[in-house]
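Asker: please work out how this folds:
(one chain, ligands or ions: 1)
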Amino acid sequence: MATDKAEARRQAAAFMSTLNSARQRLALYPPEHPQVKEAVGEVLRCVEPMHVDSPSFTVSIMGEELFLNGRLLPEESRNHNELMAQLTERKLTNLSLDRGITPEELTEFVRWSTAKPEEISAAGGWGKVLAEAGVTHLAVDRQVALDDMWDQQGGGNERFRVSREVYRKTINAALSAYMDAKSHQSVNVEMVDGVVQLLVSSVVGNDDMMKALSQIRGYDEYTLSHSVNVAVLTLLMGSKLKMPGPLLHRLGTAALLHDIGKTQVSEDIVNKDGKLSSDEWEQMQSHALRGAQMLAEQEHMDQLAIVVASEHHAREDLTGYPRFHAYKKLHTMSKIVAVVDTYDALTSDRSYRKSETPDEAMKLIIEGSGTHFSAPIVKVFAQLTGMYPVGSVVEMDTGELGVVYKPNTDDIYRPQVKLFSATDESIAEYKLVDVAEREEDGSYPRTIRRSVDPSECQVDISDFL
Ligand SMILES: [Fe+2]
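Answerer: As a prediction, this is how the structure comes out:
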């Protein structure tokens, strides 16, 4: 991790310096001038190694902070603040460069990056400017479109395993961070940063993370896998809401640490098999403020993580805990974590109760919409997971069984499903159906009757995804 970080810093620094020189030359000379060609060539030489392991990289600026692929680079932020201010002024705060970028494309971009902000607006903004200049390997403010996340094109199983590997790695790293918090009563900020970095880079834009998540839930010790699940789902929500990379990083950190206060509550209480006494319940509730306190005592801890830890059980109507004054406005990020946290808790097996099926959990959340939870956030979450999330097994009113393959944002009850025969132990044959499709008379040939516990089926669901 340390080497990766040092390498990322070196690459980002080189990119910023060479970009700066190229801008200066292009402000003085025409694009065909040898000095310009040389400076653009320098930028390209820096870009090349950044594309070795990944088809694209993103440089983001948020205020006075510089990020490479969502990773904060504090020193480089200070060293390049003038360039960052100039780029910010021109709305270049989220710049993605794809493998294969040509000297011509880079020259066009750099040339425009020296134009006055009003000239760029007058030309129709960055999208139009780049399109008209024929620049296709560089994007400004590229968003992760949620719909793309479901469009898996071949090679799915291999990528699925990669996701699983990332998930396990993240769990291990999160385990270290939580163990550290338990024994030292403090949080290892650097370690958490690494975990979140891994999560952001693996979740955002990863077609298969949702599928991997549906398969590996409950893999490890509860609080821990719960925290990682919450972070993954929260980041998926963040991408759906089109949050920029640096904000996703902060949101991921807040989500991962939202329950850190539980490390200060006795495990007997956290895992108690049965009803809590009023004293135990009080201790359990204290995890929100204790967590916020722990994080607040931490040097360099993001304020957002502190806010989310204190507010994630407060509820939309403020009837939760801790009790806040009636005029309190909860942070949007706390509202997101609250929904995701409840959903993951309801759908996980605990020592004292069996998990709800995803559709039952979603029904409970929808019932709490507007009172316990923010109604708009519930709506977005329902569209993200669907009533029947990807990877869940469902039974149709025709008696057929299937695995949910792709949600339908227009009708959360009618996703696309891969049907299989209940007696079939091989996965060689399946039939993809769209449950939203109607007959000519307007009726539905199939409607989902219920979710089914995957252990009731003989097939390996991961082969369907
Ligand atoms: Fe909590």
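
Asker: quick check: buried residues in the helix or strand hosting residue 121?
Answerer: In this structure, residue 121 sits in helix 117-122 according to DSSP states H and E. With burial defined by 16 or more other C-beta atoms under 10 Å, the residues of helix 117-122 counted as buried are residue 120. Backbone N, C-alpha and C define where each C-beta goes, glycine included.

Asker: average pLDDT for the helix or strand just after it?
Answerer: Downstream of helix 117-122, the next assigned helix or strand under DSSP H and E is helix 125-132. Per-residue pLDDT values over helix 125-132 give a mean of 91.

Asker: and the helix or strand following helix 125-132, what does it pack against?
Answerer: Following helix 125-132 in sequence order, the next helix or strand is strand 138-140 (DSSP H and E). Here strand 138-140 touches strand 94-98, helix 103-113, helix 125-132, going by 3 or more C-beta pairs under 8 Å, 6 or more residues apart in numbering; DSSP states H and E.

Asker: now the ones you listed as TSV including mean neighbour count and distance to residue 21?
Answerer: As requested, the helices and strands packed on strand 138-140 are exported to TSV (neighbours: other C-beta atoms under 10 Å; distance: least, C-beta to C-beta, whole Å):
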stretch	mean neighbour count	distance to residue 21
strand 94-98	19	17
helix 103-113	20	10
helix 125-132	15	21
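
Asker: among the ones you listed, which is nearest residue 387?
Answerer: Evaluated over those, closeness to residue 387 peaks at strand 94-98, with 33.1 Å, by C-beta to C-beta.

Asker: ok, the closest one: who's next to it in the sheet?
Answerer: Partners of strand 94-98 in the sheet, by DSSP bridges, are strand 56-62 (antiparallel), strand 138-140 (antiparallel).

Asker: what's the angle from that strand to helix 103-113?
Answerer: 170 degrees (axes from the mean of the first three to the mean of the last three C-alpha atoms, to 10 degrees).

Asker: how much distance is there from strand 94-98 to the middle of the chain?
Answerer: Relative to its parent chain, strand 94-98 has a centroid offset of 18 Å by C-alpha atoms, centre = their mean, to the nearest Å.

Asker: now that strand: mean pLDDT?
Answerer: For strand 94-98, the mean pLDDT works out to 86.

Asker: returning to that earlier point: mind putting the helices and strands packed on strand 138-140 into CSV with distance to residue 444?
Answerer: Below are the helices and strands packed on strand 138-140 laid out as CSV (distance: least, C-beta to C-beta, whole Å):
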stretch, distance to residue 444
strand 94-98, 41
helix 103-113, 48
helix 125-132, 40
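
Asker: ok, which of the ones you listed comes nearest residue 316?
Answerer: With C-beta to C-beta as the yardstick, what comes closest out of the helices and strands packed on strand 138-140 is strand 94-98 (30.8 Å).

Asker: angle of the closest one against helix 125-132?
Answerer: Taking the same axes, to 10 degrees, one finds strand 94-98 and helix 125-132 inclined to each other by 20 degrees.

Asker: quick one: contacts of strand 94-98?
Answerer: Applying C-beta atoms under 8 Å, 6 or more residues apart in numbering, the contact partners of strand 94-98 are 47, 50-51, 55-61, 87, 136-142, 244-245.

Asker: swap in stretch 436-448?
Answerer: Contacts of stretch 436-448 (C-beta under 8 Å, 6+ apart): 387-388, 394-398, 400, 408, 410-411, 413-415, 417, 433, 435.

Asker: what do you get for stretch 366-381?
Answerer: With contacts defined as C-beta under 8 Å, 6+ apart, stretch 366-381 is touched by 237, 240-241, 315-317, 319-320, 330, 332, 335-336, 338-340, 342-343, 365, 382.

Asker: from the residues you listed, which would you call buried?
Answerer: Using 16+ other C-beta under 10 Å, the buried members of the contacts of stretch 366-381 are 237, 240-241, 315-316, 320, 330, 335-336, 338-340, 342-343, 365, 382.

Asker: quick check, nearest of these to residue 27?
Answerer: residue 241 (37.1 Å).

Asker: so what's the residue count around the closest residue to that closest one other than its chain neighbours?
Answerer: With sequence-adjacent residues excluded and distances taken as C-beta to C-beta, 6 or more residues apart in numbering, residue 241 is closest to residue 380, at 6.6 Å. By other C-beta atoms under 10 Å, the residues close to residue 380 number 16.

Asker: and the pLDDT for residue 380?
Answerer: Looking at residue 380, its pLDDT reads 88.
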